[in-house]
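>>> Predicted model and sequence below, questions to follow.
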Amino acid sequence: EPEVTQTPSHQVTQMGQEVILRCVPISNHLYFYWYRQILGQKVEFLVSFYNNEISEKSEIFDDQFSVERPDGSNFTLKIRSTKLEDSAMYFCASKGGTNEKLFFGSGTQLSVL
Amino acid sequence: GQSLEQPSEVTAVEGAIVQINCTYQTSGFYGLSWYQQHDGGAPTFLSYNALDGLEETGRFSSFLSRSDSYGYLLLQELQMKDSASYFCAVRDPTGGYNKLIFGAGTRLAVHP
């Protein structure tokens, strides 16, 4: 089955540093998402992206966050100045046209020290 | 706002049947999905119900009653590998149904 790939699997950074989390969605998918999950908690929506623009974002997705699809295959999440509370598992997901099934990547565990 | 309620934990034995319930409150409805997540893993799609009734996929079935704002996931012939967290999810109608929101998850522990 096709899969969403995310790199790196783990990222450790100092508070205030910028991080870029990378994702390669499934090639013919049109809808892209970032979610995050703090250990033991639920999966929280961050942002959705369609037709080269953000279609929806949550309250968590403030000015410190941005997304890009720079080259038609990669989909990145940038956190400009990380905070301790940004420590979480970040999942990228993608979806085909009208299909309800979201395909999740294996996640990037971000630790902010 | 939108909310989903599901039990935090369920325990069962191998070979048994378990039902995980989910009630939802949304201002608009676009179907109920279920995802499975093993510890340290990514959520994986299990099922989707847009209409009332039961959808069966192998050992797993999912049910929806839109009039009751309620659904459940039924797992039969439980195996140890079914130990995982199970999340129900709905599309949030604010902003055009572009985001899927998840319940807090039900942790299923299957014992021998």
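Nice, thanks for sending it over.

>>> Check the burial of residue B:86 by counting its neighbours.
25 (other C-beta atoms under 10 Å in any protein chain shown). Where C-beta positions appear, they are placed from N, C-alpha and C, glycine not excepted.

>>> That one pairs with what?
Counting by DSSP bridges, residue B:86 is bridged to residue B:36, residue B:106.

>>> just checking, residue B:5 touches residue B:106?
No: with contact defined as C-beta atoms under 8 Å, residue B:5 does not reach residue B:106; the gap is 10.4 Å.

>>> between those two, which one's more packed in?
When residue B:5 and residue B:106 are compared for neighbours, residue B:106 comes out ahead with 20 against 14, by other C-beta under 10 Å.

>>> Return the residues in contact with residue 67.
All of this refers to chain A. Contacts for residue A:67 were tallied using C-beta atoms under 8 Å, 6 or more residues apart in numbering or on different chains; they are A:32, A:34, A:47, A:49, A:54, A:75, A:76, A:77, A:78.

>>> other chain: chain B
Taking C-beta under 8 Å, 6+ apart, one finds residue B:52 in contact with residue B:67.

>>> I'd like the distance from stretch B:39-59 to the chain centre, please.
Counting by C-alpha atoms, centre = their mean, to the nearest Å, stretch B:39-59 is centred 7 Å from the centre of its parent chain.

>>> quick one: buried residues of it?
B:42, B:43, B:45, B:46, B:47, B:48, B:49, B:55 (16 or more other C-beta atoms under 10 Å in any protein chain shown).

>>> tell me the SS of residue 39?
Let's take chain A. Following DSSP: H, G, I helix; E, B strand; the rest coil, we place residue A:39 in the coil state.

>>> meant chain B, my bad for not saying
Residue B:39 ends up coil, using three-state DSSP.

>>> Tell me, how many residues neighbour the nearest residue to it once chain neighbours are set aside?
In space, and not counting its chain neighbours, residue B:39 is closest to residue B:84: 7.5 Å by C-beta to C-beta, 6 or more residues apart in numbering or on different chains. Counted with other C-beta under 10 Å, the neighbours of residue B:84 add up to 21.

>>> just residue B:20 next, same as before
Residue B:20, neighbours per other C-beta under 10 Å, totals 22.

>>> Who are the contact partners of it?
Listed by C-beta under 8 Å, 6+ apart, the contact set of residue B:20 reads B:6, B:7, B:10, B:72, B:73, B:74, B:75, B:86, B:88, B:106, B:108.

>>> next one: phi and psi at residue A:86?
Dihedral pair for residue A:86: phi -80, psi -10, per degrees, to the nearest 10.
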